[in-house]
Each structure stands twice: as structure tokens, then as C-alpha cells.
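**Student:** Make a model of this:
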Amino acid sequence: MSRHRTATEPKPDTADEGAPHDASAALELPLTSLPGIGPARAEALRSLGVRRVRDLVFLLPRRLQTAGAELPIADASARRGEEVTIRATVDRIALQRFGRRSTLRLTLRDGSGSIAALFFNQPWMRKSFEVGKEVVLRGKVGVARGPALLSPKLGTDEKPLSAAGTIELVYPSADGVSSEAVGRLARSIAARCASTIEEPLPAELLAARDLPALAEAVATIHAPPSAHAFERARRRLALEPLLRMGARLEERRRSRAESGALRVELDLAARAELLARFPFAFTKGQLAVVDELCADLARGAPMRRLLQGDVGSGKTVLGVFACLAVARAGGQSAFLAPTELLAEQHFAGLKELLRACGVHAVFLTGSLAAAERRAVLAQLESGMADVVFGTHALFSADVRYKALALCVIDEQQRFGVAQRTRLVEKGERAHVLLMTATPIPRTLALTLYGDLDTSILRERPAGRGRVRTKWVRGADRRKVPAYLEERLAAGEQVYWVAPRIGASAVDDEDPEAGERASAERAFAKLSETPVAAHKIELRPPPPAPPAGPPGVSQGRRAPARRDAGSVGVQRDRIVSRGRSASRAPSARRTGEGWLVSLVRQDAAAPCSSRTTARIEAEGPAARRR
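**Tutor:** Numbering: from 1, shown residues only. Sure thing, here's the model as predicted:
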């Protein structure tokens, strides 16, 4: 059966007609150095990550399959997901184009039934078929408005299909380059260059894990004698990207170790003195992290540590401990938080502790008045300020530090790599402590943060209660106000966290949904229930035009009003707030979704002893956390 190739069809493989004589050096050459690969084809292969000859050699087949036996259409249609071969007559041909994309659909028949065959983005295949002609196709059986062969291979007199039971490799395809063409290129170059590839791993290590040498694996993966040999080769080659990444991370570690950083040495007495400054005892887990921090800071190389721990596990005080240690050595620290409100909370809650230790702390955000900002910048540049709390303003272009030696980054996952780098580069080989409450499995942490040392806080400070979560939905949501009134009557405090502040943050096409889900709406609805008897508002609104309804603590409000509201939380019984003003879990946007947190607050220790029960009701899209 004759075939006619269009201009967009891949050219026949001609790689064997010539190749560089030095096979080892050839691995580093661009693809265009190979016969039969011009700029257009090389560009298409770039989508597969193939830029050099080496990339083509290490391009692994997607899977190995065994050539299926020839079956009647009726039997083949029942074997979905399997590779089959059919011999049938072309009953119908339809070619559909969608811009640069296309689908060629054949309807095939034999004496037992009919089946479709689909060719995706191969319009040139249209010329290979004629209605009424017999064809032999092999492919996987799928579903496309009935049973169908998906991207099957065509057997011809010139290129017959391999015999049943033959091992076949399936390579990825690129735009305009078929899987078969990619496979021919990879096999040709692998056969020529595989023997020149050096093995970086010791032979005893490979033998202990039943792995072939790298050169053998490359040759085998493209021409496997058996499925077992293919799997051994695949396992060896799967190590290569991991080994490369590990080598890069180790190189970064060594480079960092060779660079000098402020050496912060604390003997046991100095460490005990710092710990005694805190108004509570550290947990065993926190003390273990203190040991790790002291060892890192005393090494003289820039610290890079990731501290994981659930909300309330005590990460912040460990960051403060590191700041105190650096201040004793004459260095400055920057404590970066993702939101202005959180930065304010850190500063307000810790400045007295730092002052008692002889450490001067300042606060810097983008909302500071010009005069205040100039004063803070002057203190940072002169070295008068030992610790600065703030947001993205900490790495603004006009911020200069005299001796920035430590960067503590809270909720580090909310900052980009470039943002963290800009802050760290404000100092000279500064130490870095990243903190997060987002669970990161150890394997993922090693993958994403492999150049970091990791610490995990697994226990919570004494006195923290058990968190109980309930998901309330449907008609049961009407029971929530009565339940809140019951808990308030028992002397507890309520935090009602709405998904947003106002309706402006939602999509323009659904402003009503935003209004229903806003903190203002929640405040208004609570004011109409018996819960209002327990005093909802934070404090009487000031005479000045309010930035938000009274009783609503918002991240958008001016700092003075927000601070006043935060103080009022300790006195009032119920607080309605938007998500930006709280570190509670954020509610997803739903029609009338909301999140309620119930906090039992001990009068003797209002900030440290609490038992929390959360009621979540977020509509049909919610899920239990």
C-alpha cells in the first residue's frame, strides 16, 4: 500500500547516514547536529525536554507493551485498555480540523462488527486510507462514542506490523513528530553513544540493588530483550535526575559552608539566661530546636533551616530566641510576616519581652506615615534597631541594614523565592530561619527544600486544649445561633470568621454572593439573633468616619482602629471578623458560607490556656478538615 507524506509529516529517519566521530563529545551537541533534524524538528522536540543529543539518549519510553494478536472486531471491542490487532475494511473516513489540531476518524468493519480508529494531529494519515480497502491496525482499545482504537499503528506491505508477542516501546510524541520517529532517533543515537557514558556509582552499590551500569541501562532501555531487563534499566535511569538534583544541592551546601557568616556562640549559661527571659517553660521539642539553632548559628556558615509546626506549637518564640541570640553577637534580625496585621501582632506581643532583654525592636510596613518610616529606616541603617518586624516593606529598595545577620520568615510558603532572596541579600551571608504550619511530608520537604535543614515541632505547649471540628450544613445551620448562645452563657468566647470583608473582593458577576459571605453581613445577621444579648461589638465606634462597621475587626481598617478592636476582643463576648484579620483557617467562598470558631478563654491565663471547638459550615462545596 503506497503512502504519500505531506510537508508536515516527519521525515524518515536518516540518523544512521552519518554522525559525529567522537561519540562522547557528540552527547553535548545540539540536536541540529544530527542528520535529519532541522530547526523546526528540533524545536518540536524541545517540548519533550530534548535540547541536546544527551537528552535524546536519556529520553525514556513511556511504556513497554507486547504486540497483540490479531482478533475479530467483536472480540477486540470487548478488550478495553488492551493492545489488539485487527484486519478490517475501511467503511468511512472523516477528517476534522480545529485550528492546528485535527482528528482523523475511520469506521472499520469485518464480518463480526464495526469499530472506530482515531488518529490525533496526524492529518497526513488521511492519504493512507481509501474506503473499501483492507487495512491492518494495532492499538489500544478505548472509548470514543463507542469502542475505538486510539492512535493505532498502520501495517503496510513495506512496513508490516511486528509479530504477535513482540516487545514494543511507546515513546512520547511531539507536535509533528510521531512516537515512532522519536523512538527511531533515540534508538539510533543510543546504539552509537551508549558505550561512552560513564557510571558515577560504585559497582558494589549497583550490585547490591540489582541495577545495571548506566551505559548498559541506556542501551537496554531502547532495545530491551525482555520485560525484566527493561524494568531493571528503567529503575537505574530513574535515579539519574535524583542524583543530579542531589549533586546540585550538595554543591550549594558546600558553597554556603565555605562562605563566612556571623558566628553566634552561646554557652550553656548564656542559653539558660535567654530561656529564663521567657515567661513560660519551653517544651522538649522547642528545647531540641533551640539546640539545633545554637549549633547552626555557632558554625560560622549561613544557617538555612525550615521549622515546621502546627499553629500554636511555639514556632514564633523560637524565632524570637534566634533574634535574641543574634542581637547578643551584635547582629540585626528581620522578622518577616505575610500580612500587616500578623506583623503588628508579633511586634505588639514581643516588643516588651525584647526590651526587657535590652533589644530594641521597630516596626516597618508600607502603611507607616512618611515621618515614621524615615525614623525606622534611620535606626536600621545606623544599627540602633536590633530587630525589625514587618511585611514586604522589609526588602524594599530604600531599606538598608547596618548588619543584617538573621532573617526569620513566618509562613514562608506565602512568599516567593525571589522575595525571600531580596530580603536575605539585604545582609551579608545572613542566617535564614523559615517557619511554616503547612504540613510538608519529609520526602516532599527533601525534594522542595533539599538545601535546608529541617526541624519539626510535634508537641504543643502545656495547657493547649484539644481541637474538635464539626461540619454543619443544610438545615442544621439554623441550630448554630442557639448553640452559640448556650456556649456564651457558659462563659466562652466566640470568633466568627467570614470569608471576606465587603463584597468588592468577589467576582463582578456575582456581587450578591460576596455581600452574603462578608463579615459585615455576618455581623448584621448576628445582631438580629438572641446572641446579640451577649454584646457583639468590639467597642463603641469613634466619632471619626468608621473604616468598617462597629464590631468588625478587619485587615483593611486603619492600624489605630484595628488595634483598638483587638484590645476589645478580650472584653467582648462575640467577634465578627473577615479572614484577613485572623489566623484562623480560611473559609472557602460559597454562597452563604461561614466559619465559626468557639474559644474557651480562661480568665487567669487568657492567652495561653484555651480549648477550641470549631463549627464549619461552608455549603455544599465544603469538606471536613
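**Student:** Poorly predicted segments of the stretch 101-250 of the chain, please.
**Tutor:** By pLDDT under 70, the stretch 101-250 of the chain has no low-scoring segment.
**Student:** if you set the cut-off to 90 instead, what comes out?
**Tutor:** By pLDDT under 90, the low-scoring segments of the stretch 101-250 of the chain are 101, 111, 120-125, 138-140, 143-146, 151-200, 225-227, 240-250.
**Student:** got any ranges where the stretch 451-600 of the chain has weak pLDDT?
**Tutor:** Low-confidence segments of the stretch 451-600 of the chain, defined by pLDDT under 90, span residues 451-454, 456-600.
**Student:** Pull out the buried positions in the longest strand along the chain.
**Tutor:** Determined from DSSP state E, the single longest strand within the chain is strand 83-98. For strand 83-98, burial by neighbour count (16 or more other CB atoms under 10 Å) applies to 83-86, 88, 90. Any C-beta I mention is one placed from the backbone N, CA and C, and that applies to glycine too.
**Student:** which outside residues touch that strand?
**Tutor:** The contact list for strand 83-98, computed with CB atoms under 8 Å, 6 or more residues apart in numbering, reads 65-73, 76, 102-110, 114-115, 123, 126, 129-141, 149, 161, 164.
**Student:** Which PyMOL command selects the buried ones in the residues you listed?
**Tutor:** With 16+ other CB under 10 Å as the criterion, this PyMOL line picks the buried residues out of the contacts of strand 83-98:
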select buried, resi 65+67+68+71+73+76+102+103+104+105+106+107+108+110+114+115+123+126+129+135+136+137+138+139+140+141+149+161
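**Student:** where exactly do the helices run in the stretch 51-200 of the chain?
**Tutor:** Applying DSSP state H, counting those that start in this stretch to the stretch 51-200 of the chain gives helices spanning 53-57, 73-77, 179-193.
**Student:** before we move on, which element is the closest residue to Cys294 other than its chain neighbours in?
**Tutor:** Closest residue in space to Cys294, ignoring its immediate chain neighbours: Leu266 at 5.3 Å, by CB to CB, 6 or more residues apart in numbering. Taking DSSP states H and E as the definition, one finds Leu266 inside no helix or strand.
**Student:** What is the neighbour count of Leu266?
**Tutor:** 20 (other CB atoms under 10 Å).
**Student:** Roughly how far does it sit from Leu434?
**Tutor:** Look at Leu266 and Leu434: by CB to CB, to the nearest Å, they are 21 Å apart.
**Student:** What of Arg477?
**Tutor:** For Arg477, the distance to Leu434 - CB to CB - is 39 Å.
**Student:** Neighbour count: these two, which is higher?
**Tutor:** Ranked by neighbour count (other CB under 10 Å), Arg477 and Leu434 place Leu434 first, with 23 against 14.
**Student:** Parallel or antiparallel, list what pairs with the helix or strand harbouring that one.
**Tutor:** Assigned by DSSP H and E, Leu434 belongs to strand 431-436. If you go by DSSP bridges, strand 431-436 pairs up with strand 304-309 (parallel), strand 404-409 (parallel).
**Student:** quick one: average pLDDT of that strand?
**Tutor:** In this model, strand 431-436 carries a mean pLDDT of 92.
**Student:** what comes into contact with it?
**Tutor:** Residues from elsewhere that reach strand 431-436 (CB under 8 Å, 6+ apart): 261-262, 293, 296-297, 302-309, 315-316, 318-319, 322, 326, 405-413, 420, 424, 449, 452.
**Student:** Buried subset of those residues, written for PyMOL?
**Tutor:** Remark: buried members of these, expressed as a PyMOL selection using 16+ other CB under 10 Å:
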select buried, resi 261+262+293+296+297+302+303+304+305+306+307+308+309+315+316+318+319+322+326+405+406+407+408+409+410+411+412+420+424+449+452
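**Student:** so which strand or helix has Leu380?
**Tutor:** helix 370-382.
**Student:** Give the other helices and strands that that helix contacts.
**Tutor:** Packing contacts for helix 370-382, counted by 3 or more CB pairs under 8 Å, 6 or more residues apart in numbering; DSSP states H and E, involve strand 361-364.
**Student:** From the chain's centre, how far out is the strand it packs on? Work that out for me.
**Tutor:** 31 Å (CA atoms, centre = their mean, to the nearest Å).
**Student:** Does anything pack onto that strand? Which helices or strands?
**Tutor:** Packed against strand 361-364, as judged by 3+ CB pairs under 8 Å, 6+ apart, are the following elements: helix 340-356, helix 370-382, strand 387-390.
**Student:** would a markdown table of these with distance to Arg460, mean pLDDT and mean neighbour count be doable?
**Tutor:** Formatted as a markdown table, the helices and strands packed on strand 361-364 follow (distance: least, CB to CB, whole Å; pLDDT from 0 to 100; neighbours: other CB atoms under 10 Å):
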| stretch | distance to Arg460 | mean pLDDT | mean neighbour count |
| --- | --- | --- | --- |
| helix 340-356 | 18 | 91 | 18 |
| helix 370-382 | 34 | 94 | 15 |
| strand 387-390 | 24 | 96 | 26 |
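**Student:** OK, contacts around Val290?
**Tutor:** Shown in contact with Val290 (CB under 8 Å, 6+ apart): 271, 275, 282, 318, 321.
**Student:** Correct me if wrong, but the third one is in a strand.
**Tutor:** No. Phe282 sits outside any strand when classified using DSSP: H, G, I helix; E, B strand; the rest coil, being coil.
**Student:** measure it to Asp75 for me?
**Tutor:** Taken as CB to CB, the span from Phe282 to Asp75 is 71 Å.
**Student:** How about the first one?
**Tutor:** For Arg271, the distance to Asp75 equals 77 Å [CB to CB].
**Student:** Could you check the pLDDT of the closest residue to Arg271 other than its chain neighbours?
**Tutor:** The shortest distance from Arg271 to any residue other than its chain neighbours is 6.4 Å, reached at Cys294 (CB to CB, 6+ apart). Predicted confidence (pLDDT) for Cys294: 94.
**Student:** Show me what counts as buried in stretch 141-159.
**Tutor:** The neighbour-count check on stretch 141-159 (16+ other CB under 10 Å) flags 141, 147-149, 151-155 as buried.
**Student:** Which one of these is nearest to Ala25?
**Tutor:** Closest approach between the buried residues of stretch 141-159 and Ala25, by CB to CB: Lys153, at 35.5 Å.
**Student:** List the beta-bridge partners for the nearest residue to that closest one once chain neighbours are set aside.
**Tutor:** In space, Lys153 comes closest to Arg138 once its chain neighbours are excluded; the distance is 4.9 Å by CB to CB, 6+ apart. Beta-bridge pairing for Arg138 (DSSP bridges): Thr85, Lys153.
**Student:** Pull the contacting residues for Arg138.
**Tutor:** By CB under 8 Å, 6+ apart, the neighbours of Arg138 are 67-68, 83-86, 149, 152-153, 155, 161.
**Student:** okay if I get these as a markdown table plus distance to Pro200?
**Tutor:** Formatted as a markdown table, these follow (distance: CB to CB, whole Å):
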| residue | distance to Pro200 |
| --- | --- |
| Ala67 | 36 |
| Gly68 | 39 |
| Glu83 | 36 |
| Val84 | 42 |
| Thr85 | 42 |
| Ile86 | 47 |
| Leu149 | 43 |
| Pro152 | 40 |
| Lys153 | 37 |
| Gly155 | 42 |
| Leu161 | 40 |
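**Student:** ok, of these, which one's closest to Arg521?
**Tutor:** Of those, the one sitting nearest to Arg521 (CB to CB) turns out to be Leu149, at 56.3 Å.
**Student:** Name the residues linked to that closest one by a beta bridge.
**Tutor:** Judged by DSSP bridges, the bridge partners of Leu149 are Ala117, Val141.
**Student:** how far is the longest helix seen in the chain from where the chain is centred?
**Tutor:** When the chain is parsed with DSSP state H, its longest helix is helix 227-258. Here the centre of helix 227-258 is set off from its chain's centre by 21 Å, with CA atoms, centre = their mean.
**Student:** And that helix, what does it pack against?
**Tutor:** Helix 227-258 packs on strand 63-66, helix 214-222, going by 3+ CB pairs under 8 Å, 6+ apart.
**Student:** I'm done for today, thanks for sticking with me.
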